[in-house]
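*Asks:* fold the following, please.
(one chain, ligands or ions: 2)
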Amino acid sequence: MTQLITGENLKRTVEQAVKDVKATDIHTHLYAPIFGDILLWGFNELVTYHYLIAETMRWVDIAYDEYWQMTKVEQADLIWQTLFLENSPYSEACRGVLTTLQRLGFDVASRDIEGYRQYFDNKQLDEYVDEVFELANLECVVMTNDPFDPEERGIWLEKVKEGGQELDSRFRAALRLDMLLCSWEKSWHQLKEWGFDVTPDLNRRTVGEVQRFLRDWIQIMNPVYMAVSLPYDFILPEKSARSELIERCIIPVSREMNVPFALMVGVKRQLNPGLKDAGDGVGKMNIASLDYLCSRYPHNKFLVTLLARENQHELAVLARKFRNLMPFGCWWFLNNPSLIQEITSMRLELLGNSVILQHSDARVLDQLIYKWDHSRRIIAEILVRKYQDLVATGWVLTEDAIRRDVEKLMGGNLWSFLERKL
Ligand code: RAT
Ligand code: ZN
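*Replies:* Ligands and ions are numbered 1, 2, ... in the order given. You can find the predicted model right below:
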């Protein structure tokens, strides 16, 4: 029999439900072990995360190039010295390294980085993947898969397509299309080289060929969605190759094959190129482009995450109007406790259960541990308050109802969104 929840056991029940649920991580930069070295893991990778590079460069007096010429170990030493020893490491990215080490069983008080390194040197990747999934309590993670990346492309074609090798089912694909959509002046050449009969002009033949390219890769990768990261000044519709490719290629194939289109909007790419991956900034987008997409294509499904804090309220309001829009996660510069708290509370207040609360954006396997640990704590806190408000009205809650809600918010909504008929 399902347990009725009262004031005293509410907090405990919600915290346990959030801890117990196996989440789906809808956006990461991780790879299944079959991809080899492009799956990053271990202490040096954790500490040289680009979020930490940006923070370090605020302190040190070295040229950016000097940093990039260092070995990985030297880079990690510099970051550790600067952010962890000469300052207290409470920024979210620093704290994340410590939470990860702690959850792996280390005493972080020892500050013994050689000991941490040794631990990873002696680890078997396969076992470690199991351990990380266990600690982060994840059902599966969605990768970011770029068919224009030569290394990745080779693995998909040789190992998965031709070699018939199965992917570890905990790693699901996302067909990432930044190159196709945002650099058409280069990508059409590449398509031509691969045997697609395309021209720079998006005539009917070219549109058909781009659609064929998309269908081929959907076949190869079996992706959960097609995705693109778009700049803050993204406008649709407009007279541009990007806009035409979205409306004439992505939208029809997305609908035909029931593979949603994920838009991640708000980046100011390479504001400081010297910082490489750490050099991108943020800008507010004009949400009218999303109004247009959702209303013009009511039978298409859109997964959306926006980078600017200023866009979050309009996105939640838009999702109230369009059931073909599913907001997800607190992306990148928003993935900090104070902002997760604000955005998640607002989403629950405006959308109830119909949102995907979080994704990790992990680039290093080990980061799954801290990103989900930190998010789960905040999500549980917010939900406790929401359920307390309900109980105060006299509403009767059961543990089953709480677990049902949490399961939807932590990933279940992705799978039902995929299955839904619009
Ligand atoms: O969060 C990040 O690591 C960013 O650099 C980006 O990868 C961003 O999340 C993206 O997917 O473009
Ligand atoms: Zn990302």
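*Asks:* skipping adjacent residues, who's closest to the residue of the stretch 101-250 of the chain at minimum distance from ligand 1 in space?
*Replies:* Closest residue of the stretch 101-250 of the chain to ligand 1, C-beta to the nearest ligand atom: residue 229 (3.9 Å). C-beta coordinates here come from the backbone N, C-alpha and C atoms, glycine included. Excluding the flanking residues, the one nearest residue 229 by C-beta to C-beta, 6 or more residues apart in numbering is residue 264, at 4.5 Å.
*Asks:* now do the SS call for the closest residue to residue 289 other than its chain neighbours.
*Replies:* Of all residues not flanking residue 289 in the chain, residue 236 sits nearest, at 4.3 Å (C-beta to C-beta, 6+ apart). For residue 236, the assignment made with DSSP: H, G, I helix; E, B strand; the rest coil gives coil.
*Asks:* so residue 236 sits against residue 291, correct?
*Replies:* No. Shown here, residue 236 and residue 291 do not form a contact pair, counting by C-beta atoms under 8 Å, at 10.1 Å.
*Asks:* with neighbour numbers in mind, choose between the two.
*Replies:* Using other C-beta atoms under 10 Å, the more surrounded residue of residue 236 and residue 291 is residue 236, with 19 against 15.
*Asks:* what's the neighbour count on residue 11?
*Replies:* 17.
*Asks:* can you tell me how far it is from ligand 1?
*Replies:* Applying C-beta to the nearest ligand atom, to the nearest Å, the value for residue 11 to ligand 1 is 32 Å.
*Asks:* just list the residues touching that residue, thanks.
*Replies:* By C-beta atoms under 8 Å, 6 or more residues apart in numbering, the contact set of residue 11 is residue 384.
*Asks:* so how far is residue 387 from it?
*Replies:* Distance from residue 11 to residue 387, counting by C-beta to C-beta, to the nearest Å: 9 Å.
*Asks:* residue 238 too?
*Replies:* Counting by C-beta to C-beta, the gap from residue 238 to residue 387 is 45 Å.
*Asks:* and those two? Which one has more around it.
*Replies:* residue 387 (20 against 10).
*Asks:* which helix or which strand is home to the more buried one?
*Replies:* helix 367-392 (DSSP states H and E).
*Asks:* average pLDDT for that helix?
*Replies:* Per-residue pLDDT over helix 367-392 has a mean of 97.
*Asks:* elements contacting it?
*Replies:* Judged by 3 or more C-beta pairs under 8 Å, 6 or more residues apart in numbering; DSSP states H and E, the packing partners of helix 367-392 are helix 7-20, strand 23-25, helix 92-103, helix 125-136, strand 138-142, helix 337-351, strand 397-398, helix 399-407.
*Asks:* redo these as a markdown table? Include distance to residue 330 and mean pLDDT.
*Replies:* What follows is the helices and strands packed on helix 367-392, written out as a markdown table (distance: least, C-beta to C-beta, whole Å; pLDDT from 0 to 100):
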| stretch | distance to residue 330 | mean pLDDT |
| --- | --- | --- |
| helix 7-20 | 16 | 93 |
| strand 23-25 | 13 | 98 |
| helix 92-103 | 11 | 98 |
| helix 125-136 | 17 | 97 |
| strand 138-142 | 16 | 98 |
| helix 337-351 | 5 | 98 |
| strand 397-398 | 26 | 95 |
| helix 399-407 | 17 | 97 |
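*Asks:* residue 158: which of the ones you listed is closest?
*Replies:* helix 125-136 (20.0 Å; C-beta to C-beta).
*Asks:* from ligand 1, how far off is the closest residue to residue 123 other than its chain neighbours?
*Replies:* Once flanking residues are discounted, residue 123 sits nearest to residue 42: 7.5 Å by C-beta to C-beta, 6+ apart. Using C-beta to the nearest ligand atom, residue 42 is found at 18 Å from ligand 1.
*Asks:* need the residues of the stretch 201-350 of the chain near ligand 1, please.
*Replies:* 229, 264, 277, 332 (C-beta under 6 Å from any ligand atom).
*Asks:* do that again at 5 Å, thanks
*Replies:* Neighbours of ligand 1 within the stretch 201-350 of the chain, by C-beta under 5 Å from any ligand atom: 229, 332.
*Asks:* now do the helices in the stretch 201-350 of the chain.
*Replies:* 204-221, 241-245, 251-257, 288-296, 312-321, 337-351 (DSSP state H, counting those that start in this stretch).
*Asks:* now those helices in CSV, with distance to residue 130?
*Replies:* Formatted as CSV, the helices of the stretch 201-350 of the chain follow (distance: least, C-beta to C-beta, whole Å):
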stretch, distance to residue 130
helix 204-221, 24
helix 241-245, 40
helix 251-257, 32
helix 288-296, 39
helix 312-321, 35
helix 337-351, 27
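*Asks:* which of those helices is buried the deepest?
*Replies:* Per residue and on average, the most neighbours among the helices of the stretch 201-350 of the chain fall to helix 241-245, with a mean of 19 (mean count of other C-beta atoms under 10 Å).
*Asks:* which strands and helices sit next to that one?
*Replies:* Against helix 241-245 (3+ C-beta pairs under 8 Å, 6+ apart) you get helix 178-182, helix 184-193.
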